[in-house]
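Undergrad: Any chance you could fold what I've pasted below:
(chains A and B)
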Amino acid sequence: GAVVSQHPSWVICKSGTSVKIECRSLDFQATTMFWYRQFPKQSLMLMATSNEGSKATYEQGVEKDKFLINHASLTLSTLTVTSAHPEDSSFYICSASSSGQGDYGYTFGSGTRLTVV
Amino acid sequence: GNSVTQMEGPVTLSEEAFLTINCTYTATGYPSLFWYVQYPGEGLQLLLKATKADDKGSNKGFEATYRKETTSFHLEKGSVQVSDSAVYFCALHNFGNEKLTFGTGTRLTIIP
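TA: Below is the predicted model of the structure:
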């Protein structure tokens, strides 16, 4: 079945530094990728939607200059948290979708736990 | 717009108990409906789905039936196991809109 690889699975960084999270579709071409943020014991909050080769569409309230999303190929999207601060600590999850999967099937990565100290 | 209302948790059951997690939705047209499961520290996994009215999705002993008349997609399992402890998310997708709309999630704990 469809597999999405997300890494790192966890990362600790110092305040003010940038962190890059990768999301790869291993066995299908992901025309669309989604980035979510999840706070403890809460649901997923969609941050942005990206289509290969075009700029990401950010949800209201999400700072596009802080959360840089690149979707340069049909198998790779990256989320860079720039100048991270402790309030950016969270669980980030990517999801990939391909119209070729039918029913707009969504496959999720295993998530990245970011801790900013 | 689309919305999903999901049973508030947490839910704690004994092993072999019957499980129901309620999910109702609001959407235009004919959405596809999903249940996802999230185990501790992991991403989401698709548990089951249904794409049209009266369809029943099933997997690993879990079932949910797409009820258009009641706009519901309740998750059921006849006999839960400790390994079913996780957070369960109901979600919908409408054709023409790329995004999934999630419920708030229900944390399920099964005690031996």
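
Undergrad: Show me which residues of chain B are close to chain A?
TA: Proximity of chain B to chain A, by Cβ under 8 Å from any Cβ of the partner chain, involves residues B:32, B:34, B:36, B:41-46, B:49, B:51, B:89, B:93, B:95, B:98-100, B:102-105, B:107. Just so you know, the C-beta spots here come from the backbone N, C-alpha and C atoms, and that holds for glycine as well.

Undergrad: counting contacts, what elements does the least confident helix or strand in chain A by mean pLDDT pack onto?
TA: Within chain A, no helix or strand scores below strand A:106-108, which has a mean of 89 by mean pLDDT, DSSP states H and E. Applying 3 or more Cβ pairs under 8 Å, 6 or more residues apart in numbering or on different chains; DSSP states H and E, one finds that strand A:106-108 makes contact with strand A:90-97, strand B:44-50.

Undergrad: and residue A:18, which of these is closest to it?
TA: Comparison of those against residue A:18 by Cβ to Cβ identifies strand A:90-97 as nearest, at 13.8 Å.

Undergrad: Would the closest one count as contacting chain B?
TA: Yes - contact between strand A:90-97 and chain B is present through A:93, A:95, A:97 (criterion: Cβ under 8 Å from any Cβ).

Undergrad: Only C-alpha atoms, please: export that strand in PDB.
TA: Extracted as PDB, the C-alpha positions of strand A:90-97 are listed here (Å, rounded to 0.1, in the frame of the first residue of the first chain):
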ATOM      1  CA  SER A  90       4.400  20.400  18.800                       C
ATOM      2  CA  PHE A  91       3.800  17.300  16.900                       C
ATOM      3  CA  TYR A  92       3.900  17.900  13.100                       C
ATOM      4  CA  ILE A  93       2.300  15.400  10.700                       C
ATOM      5  CA  CYS A  94       2.400  15.300   7.000                       C
ATOM      6  CA  SER A  95      -0.100  13.700   4.700                       C
ATOM      7  CA  ALA A  96       0.100  12.900   1.000                       C
ATOM      8  CA  SER A  97      -2.600  12.500  -1.500                       C
END
